[in-house]
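K.L.:
Here you go, sequence then predicted model.
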Amino acid sequence: MTAFLLGISFIIHIITLLSLIIVWKRSGVADHQDLKAAKKEMEDILLAYTTEMKEENEAFLKELASLDNRRKTESHQAVIKGDEIPKEKRVMNQEVSDEIILDEEEIKYSPPINEEKETFGASLASHIISLHNNGYSLDDIAKKVNKGKGEIELMIKFHRDGQ
């Protein structure tokens with residue numbers, strides 16, 4: 001009788017093992033198919049995105065070319081009519097430059113003179129760090145530099161981490 005029960009137990013174990021192997025293989029096939037589907041979907045999305053970018057670029061180039069043609073026509077018409085074209089708007093290509101006569105003042109180049117004096121000061125981060133080192137609280141520093149308390153904490157933390 002014991003041999004009979006051991007035989008039945010052995011057969012049940014084999015059937016259980018085979019069913020587990022079958023389920024494992026089917027789930028692996030499903031995962032592989034899901035991966036293929038996700039990869040295909042990503043490729044489609046990227047293809048659509050690049051196609052859209054290409055169309056936008058082509059439209060931009062057409063608009064740029066039409067704008068350039070319009071400017072050339074306007075400058076040609078102004079030269080033909082004898083109108084004076086301001087220096088800033090002159091187009092200097094071979095056809096137009098032959099028709100425009102430049103004064104001697106226009107040929108000489110002198111760089112623009114900057115009347116404003118450049119002033120340099122401490123950066124915001126260094127100002128915050130110096131206030132913190134002088135013992136000011138986060139609230140006081142935030143009020144002095146007109147920034148949020150979170151920004152001040154972040155700058156001080158970055159300074160500490162950098163050292």
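P.N.:
Right, received. Where do you want to start? Numbering: from 1, shown residues only.
K.L.:
residue ranges for the helices of this protein, please.
P.N.:
Assigned by DSSP state H, the chain shows helices spanning 2-81, 94-99, 104-107, 124-133, 138-145, 149-162.
K.L.:
What mean pLDDT does stretch 38-54 get?
P.N.:
The average pLDDT within stretch 38-54 is 89.
K.L.:
if I pick residue 138, what's in contact with it?
P.N.:
149, 152, 153, 156 (C-beta atoms under 8 Å, 6 or more residues apart in numbering). Every residue, glycine included, has its C-beta placed from N, CA and C.
K.L.:
Find the nearest non-adjacent residue to the third one, please.
P.N.:
Ranked by C-beta to C-beta, 6 or more residues apart in numbering and with sequence neighbours excluded, the top spatial neighbour of residue 153 is residue 138, at 6.1 Å.
K.L.:
who wins for proximity to residue 113 among the helices of the chain?
P.N.:
Closest of the helices of the chain to residue 113 is helix 104-107, at 16.1 Å (criterion: C-beta to C-beta).
K.L.:
Separate out the buried members of the contacts of residue 138.
P.N.:
Among the contacts of residue 138, those that count as buried by neighbour count (16 or more other C-beta atoms under 10 Å) are 152, 156.
K.L.:
Same list, the contacts of residue 138, but as CSV with distance to residue 119 and pLDDT please.
P.N.:
Rendered in CSV, the data for the contacts of residue 138 read as follows (distance: C-beta to C-beta, whole Å; pLDDT from 0 to 100):
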residue, distance to residue 119, pLDDT
149, 29, 88
152, 25, 88
153, 29, 88
156, 26, 89
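K.L.:
Much appreciated, bye for now.
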